[in-house]
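> here are the coordinates; sequence isn't available:
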């Protein structure tokens, strides 16, 4: 037919959620500053792949708010991202 223009992506396969460009868009969940600092500090860790991602964190936050959770327990803390997220998500009178 004609010349086709090949589009290239800046995202490498399997690393979409690790790309900082994604975290700068308005469609991605917004993180509080402490959560962002924890995520960035964890990025260089050899086992960073097991850390909670911001989109998973947003899902956790949504569930906690939907069920109006006041008591939570976290088993197996890696770096503390989801623990802090939980603390920020539950009401002030929660545990």
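That came through fine. Please read these numbers as outputs of a predicted model, since none were measured by experiment.

> what about the helices in this protein?
Using DSSP state H, the helices of the chain run over residues 20-23, 33-42, 54-66, 81-89.

> Indicate which one of those helices is closest to residue 75.
Closest of the helices of the chain to residue 75 is helix 81-89, at 10.6 Å (criterion: CB to CB). From N, CA and C alone the C-beta is placed, and that goes for glycine too.

> And the closest one, what does it pack against?
In terms of contacts (3 or more CB pairs under 8 Å, 6 or more residues apart in numbering; DSSP states H and E), helix 81-89 is packed against helix 33-42, helix 54-66.

> ok, now with 6 Å
helix 54-66 (3 or more CB pairs under 6 Å, 6 or more residues apart in numbering; DSSP states H and E).

> Relative to residue 91, how far out is residue 45?
31 Å (CB to CB, to the nearest Å).

> Give me the neighbour count for the nearest residue to residue 95 once chain neighbours are set aside.
In this structure, residue 95 finds its nearest non-sequential neighbour in residue 71, 4.9 Å apart by CB to CB, 6 or more residues apart in numbering. Using other CB atoms under 10 Å, residue 71 has 7 other residues around it.

> Residue 71 against residue 93, yeah?
No - using CB atoms under 6 Å, residue 71 is not in contact with residue 93, being 10.3 Å away.

> check contacts around residue 72.
residue 86 (CB atoms under 6 Å, 6 or more residues apart in numbering).

> So for it, what's the pLDDT?
As summarised for this prediction, residue 72 has a pLDDT of 92.

> and the gap between it and residue 32?
18 Å.

> same deal with residue 64?
Residue 64 is 15 Å from residue 32, by CB to CB.

> Settle it for me: which of those two has more neighbours?
Set residue 64 next to residue 32 and count neighbours by other CB under 10 Å: residue 64 wins out with 19 against 11.

> residues contacting the more buried one?
89, 90.
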